[in-house]
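S.K.: structure for this input, please:
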Amino acid sequence: MPHHDRRRNVAIQKYFNEGYSYKNILRLLQRLGIVISMRKLKRILFSLGLARRKPNCSLAHVCDTLMTEIQGSGSLLGYRCMHQKLRVIKNIQISRNNVMNLQKAIDPIGVAERRARKLKRRRYITPGPNYLWHLDGYDKLKRYGICIHGCIDG
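M.R.: Numbering: from 1, shown residues only. Prediction:
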């Protein structure tokens, strides 16, 4: 395999794993001086064994990762957000339906609480007034030149 083909394939694999669309991959390749057609890109992806919808790891690995996430910061995430986190951050290709079924099996109480909208609110203690402030914004009126922000002492 010539050097430029290897460089091209490494770039394609990198962009694919970062989640870029096929059109954006072609644009990024053009910046590197590599011009190929959409059909050629799809052929290269097929030869590298890369596919968007094809699972790229075992169900056991997905289950372990899901359990780790549920025990940590992902305990409040529903299946849609969890699917997105697995796909983008962990680079795990799995269907959303499988994530939903795994979450039901691994964390049935959490699923029931999210469904009933009875999430446990976290409690925190601050050393005193003005130690922690919460800021939020309302962007619906931004296109009319009105920006609304609110802040409250935690």
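
S.K.: per-domain residue ranges of this protein.
M.R.: Taking the TED database as the reference, the chain has its domains at 2-48, 59-116, 123-153.

S.K.: where among the ones you listed is average confidence lowest?
M.R.: Comparing mean pLDDT across the domains of the chain, the weakest is domain 59-116, with a mean of 82.

S.K.: now that domain, how far from the centre of its chain.
M.R.: Offset of domain 59-116 from its chain centre (Cα atoms, centre = their mean, to the nearest Å): 12 Å.

S.K.: start at 49 instead
M.R.: Sure thing, new numbering starts at 49, so read that last one as domain 107-164.

S.K.: start to end distance for that domain?
M.R.: 28 Å (Cα to Cα, to the nearest Å).

S.K.: rewinding a little: with mean neighbour count added, can I get the domains of the chain in CSV?
M.R.: Any C-beta I mention is one placed from the backbone N, CA and C, and that applies to glycine too. Shown next, in CSV, are those (neighbours: other Cβ atoms under 10 Å):
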stretch, mean neighbour count
domain 50-96, 13
domain 107-164, 15
domain 171-201, 9
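
S.K.: where along this protein do the strands fall?
M.R.: With strands called from DSSP state E, the chain shows them at 181-186, 196-201.

S.K.: so which of those strands is nearest Ser85?
M.R.: strand 181-186 (43.8 Å; Cβ to Cβ).

S.K.: adjacent strands (with direction) for the closest one?
M.R.: strand 196-201 (antiparallel) (DSSP bridges).

S.K.: alpha carbons of the strand it pairs with, as CSV, please.
M.R.: Extracted C-alpha coordinates of strand 196-201, given in CSV (Å, rounded to 0.1, in the frame of the first residue of the first chain):
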residue,chain,number,x,y,z
ILE,A,196,-32.6,37.2,30.0
HIS,A,197,-30.4,35.8,32.6
GLY,A,198,-31.1,35.0,36.2
CYS,A,199,-28.9,34.2,39.2
ILE,A,200,-29.7,32.9,42.7
ASP,A,201,-27.6,32.2,45.7
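
S.K.: what's the offset of that strand from the middle of its chain?
M.R.: When distances are taken as Cα atoms, centre = their mean, strand 196-201 is centred 29 Å away from the chain's centroid.
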